[in-house]
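1. I'll drop the sequence and a predicted model, then ask my questions.
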Amino acid sequence: FLRPDLVACTFSGSVAISVAVSAPTRFLVLNALDLSVNRTSIRFQALEPTEVVFFKDDGVLVLGFAKQLPLGEGLLKMDFNGILNDQMRGFYRSKYQYKGKERNMAVTQFESVDARRCFPCWDEPAFKAKFKLTLEVPSELVALSNMPVANATFAGPIKTVHYQESPPMSTYLVAIVVGLFEYVEGMTTKGTRVRVYTQIGKSNQGKFALDV
Ligand SMILES: *[C@@H]1O[C@H](CO)[C@@H](O)[C@H](O)[C@H]1NC(C)=O
Ligand SMILES: *[C@@H]1O[C@H](CO)[C@@H](O)[C@H](O)[C@H]1NC(C)=O
């Protein structure tokens, strides 16, 4: 779950990661970088970690528990905050013009190891997982992700968009774009719908990309 704030250029989010503990251990070691993780929100099943240590140079987060973790599958949950950065990696802010005014869009670029700047995860290409994203964004904005929308609920100025579960894939392939867009659309000869999204008023410039 991610809630970007395109005015303040921040985001908040939460993860629930299904983790299979296959050997006795007291630790969970994953990736997180430039995220402010709410320590009191961290749970593996009902267990709270007794140690939470960030190794910034390695982009690693170590959770230490008082006792060995139960073997088998469990759910690791935590809440976190981040900044929509200007570094064009992770979850970042890009700018565009709309009706003569500058607006922000929120964009991801994770390849190869920057998903950890957006959400705590096992940010290794070989560790594939199914992703089920939910975005909470202003109702008037377009919110795109890898998968088709499963459903969306509107609460006044805010909408919550749930996406279908992805096939197993690497973290670096997760993609999110939130902003004001229009699109041109076509079908491949095999019947796959393809869209090219552009700034409002610029979809003509997407036609060549669509043909290619
Ligand atoms: C951190 O998480 C705890 C437990 O979920 C919650 O009670 C608390 O309000 C959160 N703190 C912040 C600063 O969001
Ligand atoms: C909306 O879609 C999500 C993701 O597939 C699903 O978990 C949730 O139950 C759906 N909610 C409704 C009201 O259909």
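-> All right, it came through fine. Ligands and ions are numbered 1, 2, ... in the order given.
2. can you list the residues of this structure near ligand 2?
-> K132, A150, N151, H162, Q164 (CB under 6 Å from any ligand atom). The C-beta positions use only the backbone N, C-alpha and C, and glycine is treated the same way.
3. partners of the third one in the sheet?
-> What that stands for is N151. Going by DSSP bridges, N151 is paired in beta bridges with H162.
4. Q164 is in contact with that one, correct?
-> No - in this structure, N151 is not within contact of Q164 by CB atoms under 8 Å, at 9.6 Å.
5. so for those two, which residue has more residues nearby?
-> Just comparing N151 and Q164: by other CB atoms under 10 Å the higher neighbour count belongs to Q164, 14 against 9.
6. pretty sure that one contacts P148?
-> Yes - with contact defined as CB under 8 Å, Q164 reaches P148; the gap is 5.4 Å.
7. let me see the domain layout of this protein.
-> 2-82, 85-211 (automatic domain parsing).
8. how about the ones you listed in JSON lines, adding mean pLDDT?
-> Compiled in JSON lines, these are given as follows (pLDDT from 0 to 100):
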{"stretch": "domain 2-82", "mean pLDDT": "98"}
{"stretch": "domain 85-211", "mean pLDDT": "96"}
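9. that older thread, can you put the residues of the chain next to ligand 2 in TSV and add distance to V19?
-> Shown next, in TSV, are the residues of the chain next to ligand 2 (distance: CB to CB, whole Å):
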residue	distance to V19
K132	15
A150	24
N151	27
H162	22
Q164	22
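10. identify the farthest-apart pair in these.
-> Using CB to CB, the residues of the chain next to ligand 2 span at most 12.2 Å, a distance reached by K132 and N151.
11. can you verify my assumption that S112 contacts Y172?
-> Yes - the pair S112 and Y172 passes the contact test of CB under 8 Å, sitting 5.6 Å apart.
12. if you count what's nearby, which of the two comes out ahead?
-> The neighbour comparison of S112 against Y172 (other CB under 10 Å) goes to Y172, with 18 against 12.
13. helix, strand or coil: sort out the more buried one for me.
-> helix (DSSP: H, G, I helix; E, B strand; the rest coil).
14. can you report phi and psi for the residue lying farthest from the centre of the chain?
-> In the chain, T189 marks the outermost C-alpha relative to the chain mean, sitting 31.5 Å out by CA atoms, centre = their mean. Phi and psi for T189, reported as degrees, to the nearest 10, are phi -60, psi -20.
15. ditto for E165
-> phi -70, psi 140.
16. that one - how many residues pack around it?
-> Neighbours of E165 (other CB under 10 Å): 12.
17. help me confirm that L33 comes into contact with G59.
-> Yes - under the criterion of CB under 8 Å, L33 is in contact with G59, at a separation of 3.9 Å.
18. can you check which residues contact both of these two?
-> R116 (CB atoms under 8 Å, 6 or more residues apart in numbering).
19. so which of these two has more stuff around it?
-> Ranked by neighbour count (other CB under 10 Å), L33 and G59 place L33 first, with 22 against 18.
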